[in-house]
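Enquirer: What would the 3D arrangement of this be:
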Amino acid sequence: MAGTALLVLALAACSGGGSSKDPASKPLPTITGNPAVTLNVFAPQSADWNLATNDFTKLVQQKFNITIKWQNTTFDGGAAKEKRQISLASGDYPDLYLLIPWVDQFSQVDLLKLANQGVLVPLNQLIDQYAPNIKKALDSTPEWKAMATAPDGKIYGMPQWVDCFHCSYQDKLWMNSAWLKKLGLQQPKTTEDLRKVLEAFKTQDPNGNGKADEIPLSASVGNNLIPYFMDAFIYDPQGAGASNASTLVLNNGKVDLQANKDGWREGLRYINSLYKEGLIDKGAFTQNGDALSQQGNRAGSVVLGSATVLHPGQFVNTGSADGRDKQYDAVPPLTGPKGANYTGYTFPSVPGATFVLTSKASPEQQIQAIKLLDYIFTDQGQINGQFGMEGKAWTKPGPGDVALDKAMKPTFKQITQKPGSKPLNSGWGALAQYNNTAKFRNSEVIGTDIYSQAGYERKLFEATKLYAGHEDKAQIYPFWKVWIDPTLASEVATLQTNIENYVQQNALQFITGSKNLDTDWDAYVKGLDSLGLKRYLQIQQNAYDKVPNK
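Expert: Numbering: from 1, shown residues only. The predicted structure follows:
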């Protein structure tokens with residue numbers, strides 16, 4: 001609530017602006033060369049960085065004749081968002097906000113509201129005149145352009161494009177293959193196969209220490225257990241990560257909810273049966289990531305049989321002295337009793353904006369800022385921006401080096417830093433992660449041994465191939481390019497929060513047995529209706545209907 005209040009104050013402070021102050025209404029000057037400018041830039045700064053003395057900062061300052069005055073915030077999302085909103089509320093906001101999606105960024109609603117107040121500078125003319133690389137990237141990637149473009153055709157801020165293959169398929173199950181081999185079992189292919197494997201993990205002492213200390217299956221709050229299993233019964237768009245709790249889908253072009261369907265009920269029934277049999281760790285739905293990691297890294301015998309996480313490094317240390325991290329492999333999507341064999345798809349980029357110019361910036365400052373961003377859109381700018389300088393943070397590929405995608409020519413190789421060495425402070429990391437296409441990502445040199453630390457990214461890449469294609473593309477609701485009317489934003493946020501919390505809370509109650517799927521299901525469905533589900537779906541439908549080129 002405090003954050004919302006601060007945003008209201010920010011808008012009030014700028015209420016004298018109005019659309020008449022839209023900087024895009026005035027033609028941009030034609031500027032050749034790079035005249036000296038000073039940019040006030042608001043950005044998060046890691047404890048390992050010093051943006052003022054950073055190598056990439058020095059590079060772009062010299063390259064574009066810019067002096068950057070940094071206004072820094074932390075990587076703590078809550079604190080970072082509050083500081084950004086306070087800067088807006090004061091009226092003394094910077095020329096440029098340069099943010100990181102997973103720390104804090106402007107939402108689509110923020111952009112529309114602040115643009116209406118004249119606070120933000122539309123980027124369309126700047127891109128057309130001074131940013132050929134940005135223009136090329138947007139024109140060649142329709143989904144990115146749709147995500148960046150408001151319903152009025154204006155681009156009020158640039159979102160990052162991060163085409164992370166393994167991040168797009170979050171609902172993975174990682175299982176101890178050493179245990180399977182010892183017990184003479186194969187990886188499970190169906191929901192009933194899985195039940196038998198988990199029973200064996202629980203009762204047949206696969207770690208061989210003579211104790212019944214095995215945990216067949218676990219998870220954490222940040223790695224939701226439900227989606228992987230639900231997809232064997234009904235398509236579940238939720239990511240296992242905490243970023244998407246929505247079960248919205250398209251049902252023949254109509255926005256709909258999965259959490260009140262019979263398939264959802266049967267999925268809960270299956271997970272409840274595993275829970276009742278003691279095959280799921282009781283802390284799987286309540287513990288944090290640290291607690292899950294403690295299970296995976298417990299001293300002595302390995303006790304964790306499987307976990308639903310994006311990647312195994314979330315529950316077991318890579319490079320473990322006893323090699324336990326090498327024991328876990330991905331299990332492809334399970335097939336349910338009626339033949340369902342889905343996996344969830346998570347859009348890898350976050351809608352909103354991380355590069356946002358404000359009305360404080362003069363035309364000269366705007367042009368230099370967009371040129372800086374345009375440089376980051378080049379391969380050289382992106383490598384230098386994310387990782388740092390050549391010879392210090394990365395090098396050109398050598399003989400025998402192989403790209404992540406073996407069919408591609410490798411283009412760069414990160415230089416491994418010695419354990420315990422001082423952070424390089426050479427690149428901007430995720431601050432510069434804009435044109436992060438699959439082509440760019442997959443051309444990086446990665447080790448070929450998937451069980452080594454150097455080959456870890458390849459392990460994730462290869463594992464994800466087991467899941468890709470199992471998503472139901474017809475049912476994916478493209479929330480990333482659906483812009484909600486700002487006048488409805490508060491209502492939608494309340495409806496969404498109430499509905500998603502209700503779905504999650506009841507799912508846990510059905511799984512753990514405090515509610516009965518036979519006697520309490522109808523009341524649960526009615527409860528969704530009483531929370532305003534019909535109104536919520538209608539608002540989403542109206543917004544979706546306005547999306548061009550669906």
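
Enquirer: thinking Phe285 is in contact with Phe510, fair?
Expert: No: Phe285 lies out of contact with Phe510 (Cβ atoms under 8 Å); the separation is 11.5 Å. C-betas here are computed from N, CA, C, even on glycine.

Enquirer: and the helix or strand where Gly381 lies, average pLDDT?
Expert: Secondary structure from DSSP states H and E places Gly381 in helix 379-387. Helix 379-387 comes out with an average pLDDT of 96.

Enquirer: same deal with stretch 479-491?
Expert: In the prediction, stretch 479-491 has an average pLDDT of 92.

Enquirer: repeat for stretch 343-360
Expert: For stretch 343-360, the per-residue pLDDT averages 94.

Enquirer: Next: stretch 305-312.
Expert: 97.

Enquirer: residues near Thr487, how many?
Expert: Thr487: 9 surrounding residues under other Cβ atoms under 10 Å.

Enquirer: low-confidence ranges in the stretch 1-150 of the chain?
Expert: Where the stretch 1-150 of the chain drops to pLDDT under 70, the residues are 1-27.

Enquirer: So which residues of it form strands?
Expert: 37-44, 66-73, 96-98 (DSSP state E, counting those that start in this stretch).

Enquirer: coming back round to it: centre of the chain to the next helix or strand after the helix holding Gly381, how far?
Expert: Using DSSP H and E, the helix or strand that follows helix 379-387 in sequence is strand 394-395. Here strand 394-395 shows a centroid-to-chain-centroid distance of 27 Å under the convention Cα atoms, centre = their mean, to the nearest Å.

Enquirer: Over to stretch 92-110?
Expert: Relative to its chain's centre, stretch 92-110 lies at 16 Å (Cα atoms, centre = their mean).

Enquirer: Tell me the spacing between the residue nearest to His311 when sequence neighbours are not counted and Ala543.
Expert: Leaving aside its chain neighbours, His311 sits nearest to Leu460 (5.4 Å; criterion: Cβ to Cβ, 6 or more residues apart in numbering). Using Cβ to Cβ, to the nearest Å, Leu460 is found at 34 Å from Ala543.

Enquirer: So for those two, which sits in the more crowded spot?
Expert: Leu460 (23 against 19).

Enquirer: unless I'm mixing things up, the more buried one is touching His166, no?
Expert: Yes: assessed by Cβ under 8 Å, Leu460 is found in contact with His166 at 4.0 Å.

Enquirer: Give the residues shared as contacts by the two.
Expert: Counting by Cβ atoms under 8 Å, 6 or more residues apart in numbering, the residues touching both Leu460 and His166 are His311.

Enquirer: Contact partners for Gln71?
Expert: Here Gln71 is in contact with Asn40, Val41, Phe42, Ala43, Ser87, Pro94 (criterion: Cβ under 8 Å, 6+ apart).

Enquirer: What is the neighbour count of the nearest residue to Val402 once chain neighbours are set aside?
Expert: Spatial nearest neighbour of Val402, chain neighbours left out: Thr448 (5.6 Å); criterion: Cβ to Cβ, 6+ apart. Using other Cβ under 10 Å, Thr448 is surrounded by 13 other residues.

Enquirer: A helix includes Ile367, no?
Expert: Yes: counting by DSSP: H, G, I helix; E, B strand; the rest coil, Ile367 is found in a helix.

Enquirer: isn't it right up against Thr30?
Expert: No: between Ile367 and Thr30 there is no contact under Cβ under 8 Å: 9.5 Å.

Enquirer: Which one of these two is surrounded by more residues?
Expert: Using other Cβ under 10 Å, the more surrounded residue of Ile367 and Thr30 is Ile367, with 23 against 8.

Enquirer: Run through the residues that contact Thr318.
Expert: Here Thr318 is in contact with Pro312, Asp325, Gln453, Tyr456 (Cβ under 8 Å, 6+ apart).

Enquirer: The residue nearest to Thr247 when sequence neighbours are not counted: neighbouring residues, count only.
Expert: Nearest residue to Thr247, sequence neighbours excluded (Cβ to Cβ, 6+ apart): Gln258, at 4.1 Å. Gln258: 21 surrounding residues under other Cβ under 10 Å.

Enquirer: try Thr73
Expert: 20.

Enquirer: next one: Ala200
Expert: So Ala200, with other Cβ under 10 Å, has 20 neighbours.

Enquirer: In this structure it contacts Leu183, no?
Expert: Yes: using Cβ under 8 Å, Ala200 is in contact with Leu183, at 5.1 Å.

Enquirer: and for these two, which residues touch both?
Expert: Pro206.

Enquirer: Centre-most residue in the chain?
Expert: By Cα atoms, centre = their mean, the chain has its centre lying nearest to Pro348, at 5.4 Å.

Enquirer: how near is it to Leu225?
Expert: 22 Å.

Enquirer: Of the contacts of Thr318, which is the most crowded?
Expert: Pro312 (25 neighbours).

Enquirer: Ramachandran angles for whatever residue is furthest in space from the centre of the chain?
Expert: Distance from the C-alpha centroid of the chain, by Cα atoms, centre = their mean, peaks at Gly210 (41.4 Å). Reported as degrees, to the nearest 10, the phi and psi values for Gly210 are phi 80, psi 10.

Enquirer: Run through the helices of the stretch 201-350 of the chain in chain order.
Expert: Under the criterion DSSP state H, counting those that start in this stretch, the stretch 201-350 of the chain contains helices at 226-230, 262-276, 289-296.

Enquirer: Please apply the same query to the stretch 351-500 of the chain.
Expert: Under the criterion DSSP H, counting those that start in this stretch, helices of the stretch 351-500 of the chain are mapped to 363-376, 379-387, 438-441, 456-464, 489-512.

Enquirer: Please identify the deepest-packed of the ones you listed.
Expert: Ranked by mean neighbour count under mean count of other Cβ atoms under 10 Å, the helices of the stretch 351-500 of the chain are led by helix 363-376, which reaches a mean of 22.

Enquirer: Can you tell me which helices and strands that one packs against?
Expert: Applying 3 or more Cβ pairs under 8 Å, 6 or more residues apart in numbering; DSSP states H and E, one finds that helix 363-376 contacts strand 37-44, helix 55-64, helix 124-130, helix 132-140, strand 355-357, helix 379-387.

Enquirer: Would you tell me which of those gets closest to Gly305?
Expert: Gly305 sits nearest to helix 379-387 of all the helices and strands packed on helix 363-376, at 36.4 Å, using Cβ to Cβ.

Enquirer: And the closest one, how far out from the chain middle?
Expert: Taking Cα atoms, centre = their mean, the mean C-alpha location of helix 379-387 is offset from the chain mean by 21 Å.

Enquirer: contacting residues around it?
Expert: Under the contact criterion Cβ under 8 Å, 6+ apart, helix 379-387 has outside partners 56, 59, 375-376, 390, 393-394, 411-412, 414, 426-436, 440.

Enquirer: now these: which count as buried?
Expert: Using 16 or more other Cβ atoms under 10 Å as the burial test, the contacts of helix 379-387 include 56, 59, 375-376, 393-394, 411-412, 414, 426-436, 440 as buried.

Enquirer: can you tell me how far the residue farthest from the centre of the chain sits from Ala200?
Expert: From Gly210 to Ala200 the distance is 16 Å (Cβ to Cβ).

Enquirer: Could you do Asn54 as well?
Expert: Distance from Asn54 to Ala200, by Cβ to Cβ: 53 Å.

Enquirer: what about Gly527, which helix or strand?
Expert: Going by DSSP H and E, Gly527 is part of helix 521-530.
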